[in-house]
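**Q** I'd like to go over a predicted model; first the sequence, then the structure.
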Amino acid sequence: MPMYPADPSLSSWLPIPGGSDFPIQNIPFGIFSAPGRPMRPGTRVGDTVVDLFVLAESDLLTSTGIPRVVLMETKLNRLLKEGAVSVRALRQRLIELLSEGNAELRDNDALRQKALVPASEVTMHVAAHIGDYTDFYSSRQHAYNVGCMFRDPANALLPNWLHLPVGYHGRASSILATEVNFHRPCGQFKTAPDAPPVFGPTRQLDFELEMGFLTYDGKPIGQRIATAEAEDHIFGLALFNDWSARDIQAWEYVPLGPFLGKNFASSISPWVVTLDALEPFRVPGPVQDPTVLPYLQYTGNKHFDIRLEVAILTASGSETIISHSNFKHLYWNMAQQLAHHTVNGCNVRAGDLMASGTISGDAPESYGSMLELAWKGTKPVKLNDGSERTFIQDGDTVIMRGYCEKDGLRIGFGEVRATVLPAIV
Ligand code: MN
């Protein structure tokens, strides 16, 4: 499928502050609500949210061929079922409507006032009803770091790691919108290797810096998606914080993998940025050695240069950026993940979420979890208010941000944030 990056010279009649994540070339999709406006689809340009329910109702989007009821839903799933060609047409039409020089909406005072909402007035929601959520483990540095900590550097990567994108099936019910806070989870864990397990609030609450992609419908069950066609089934990307309780995880994970140490909460950013918007930021991936099996081989640039950061905002109001990473650090790209996920005939449905796994770069300041940044509690991370962290404390807000920038064009994701509340004991 040909890609359609927007003309970098385009501008909008809507104001776009310098450094905004949301120029006319972005046009992400999300679900918002505002006073007098129940949950509905929107896009964002600068600090303005554009109400797609209103535009559809006014027949301004008829040329896309998308039935207008699809844009009057409280989640994006019906839009995702329309597929990549329809979503591309919608995005192109929105770029047209909002471009400098287009008067259709700009000069219709009543409609314009109805269709535009200041971003400061909206509440953002999870964009889709996520049917199934899969979490991969696709950053080599992260897998190596964890292997060093829990095994030894000589055997840090398990034998399968360089041959397939390791993943597990996560829990979709506890994926939270940005600014939805949660209580520190309780569970069973050990306080010393030889001690019996205890029950209580986790003592090792951690974040995982990840990105996730939402899917269009895949193929019918039994059919596989090849790497060459995988991107046709990917709607777009969001920031993803896969909250983790390391002590619960360490005790429970053998032999079947992550469970209660992971499924209490994950936070997803609200605006889903399409692959079309990210097209200018493609980069080559790492050379894969050993050579992967044919179904995992791919051609073209299927990695993306997306700058990522993690900040801790303490209860006292002091913010410290504790990690700078990049989505391009992944060893396994999204096309390989989707090809692997379906190679056994497993079907993928519109609104499924596939997360990358913690994204750690080579440098210690690019590690994507507290486990790695503070190296299993041995190297506390200093914050700007003078305090230190080995894991996340009650009252801490973890914020993740991401954006691409090249030749003066910035396409961003905004942020995802959540505050950890005290455990309910
Ligand atoms: Mn994870």
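**A** Everything's here; your move.
**Q** to what extent is the residue nearest to Arg246 when sequence neighbours are not counted buried, counted in neighbours?
**A** Distances taken as C-beta to C-beta, 6 or more residues apart in numbering place Gln204 nearest to Arg246, at 3.7 Å, with adjacent residues excluded. Using the backbone N, CA and C atoms, a C-beta is placed for each residue, glycine as well. When neighbours are counted by other C-beta atoms under 10 Å, Gln204 registers 20.
**Q** other SSEs contacting the helix or strand containing Ser86?
**A** If you go by DSSP states H and E, Ser86 is part of helix 84-98. Here helix 84-98 touches helix 77-82, strand 273-274, helix 275-278, going by 3 or more C-beta pairs under 8 Å, 6 or more residues apart in numbering; DSSP states H and E.
**Q** outside of the last one, which residues touch it?
**A** Which is helix 275-278. Helix 275-278 is contacted by residues 3-6, 25-28, 88, 91, 231, 234, 236-237, 304, 306, 404, 411 when judged by C-beta atoms under 8 Å, 6 or more residues apart in numbering.
**Q** go with 7 Å
**A** Applying C-beta atoms under 7 Å, 6 or more residues apart in numbering, the external contacts of helix 275-278 come out as 3-5, 25-27, 88, 91, 231, 234, 236-237, 304, 404, 411.
**Q** so which of those residues sit within helices?
**A** Arg88, Arg91 (DSSP state H).
**Q** selecting buried members of the contacts of helix 275-278 in PyMOL, what would you type?
**A** Buried members of the contacts of helix 275-278, defined by 16 or more other C-beta atoms under 10 Å, are picked up in PyMOL with:
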select buried, resi 4+5+25+26+27+88+91+231+234+236+237+304+404+411
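**Q** residue contacts, Asn26?
**A** Asn26 is in contact with Val273, Ala277, Ile411, counting by C-beta under 7 Å, 6+ apart.
**Q** looking at these, spot the one nearest Ser58.
**A** Ala277 (24.6 Å; C-beta to C-beta).
**Q** burial count for Ser360?
**A** 27.
**Q** report pLDDT for it.
**A** Ser360 is assigned a pLDDT of 98 by the prediction.
**Q** if I look at it, how far off is Val310?
**A** 11 Å (C-beta to C-beta, to the nearest Å).
**Q** got phi/psi on Pro153?
**A** Per-residue torsions, Pro153: phi -60, psi -30 (degrees, to the nearest 10).
**Q** actually Phe189, not the one I wrote
**A** Given degrees, to the nearest 10, the pair of backbone angles that Phe189 has is phi -160, psi 170.
**Q** which residue, other than its chain neighbours, is closest to the residue in the stretch 151-300 of the chain that the ion sits nearest to?
**A** Proximity of the stretch 151-300 of the chain to the ion (C-beta to the ion) peaks at Asp242, 3.5 Å away. Counting by C-beta to C-beta, 6+ apart, Asp242 lies nearest to Glu208, which is 4.0 Å off, once chain neighbours are set aside.
**Q** average pLDDT across stretch 186-199?
**A** The model assigns stretch 186-199 a mean pLDDT of 97.
**Q** quick one on the thing from earlier: which residues does the residue of the stretch 151-300 of the chain closest to the ion contact?
**A** Applying C-beta under 7 Å, 6+ apart, the residues contacting Asp242 are Asp135, Glu208, Glu210, Lys262, Ser266, Ala355.
**Q** how distant is stretch 55-72 from the center of its chain?
**A** Here stretch 55-72 is found 27 Å from its chain centre; the criterion is C-alpha atoms, centre = their mean, to the nearest Å.
**Q** distance between the ends of that stretch?
**A** 10 Å (C-alpha to C-alpha, to the nearest Å).
**Q** now that stretch: average pLDDT?
**A** In the prediction, stretch 55-72 has an average pLDDT of 98.
**Q** contacting residues around that stretch?
**A** Residues from elsewhere that reach stretch 55-72 (C-beta under 7 Å, 6+ apart): 40-41, 52-53, 78-79, 82, 86, 89-90, 93, 97, 104-105, 111, 115.
**Q** low-confidence ranges in this structure?
**A** 1-5 (pLDDT under 70).
**Q** can you give me the helices for it?
**A** Using DSSP H, helices in the chain cover 52-57, 77-82, 84-98, 109-115, 140-150, 227-230, 246-252, 275-278, 334-342, 370-373.
**Q** thanks a lot, catch you later.
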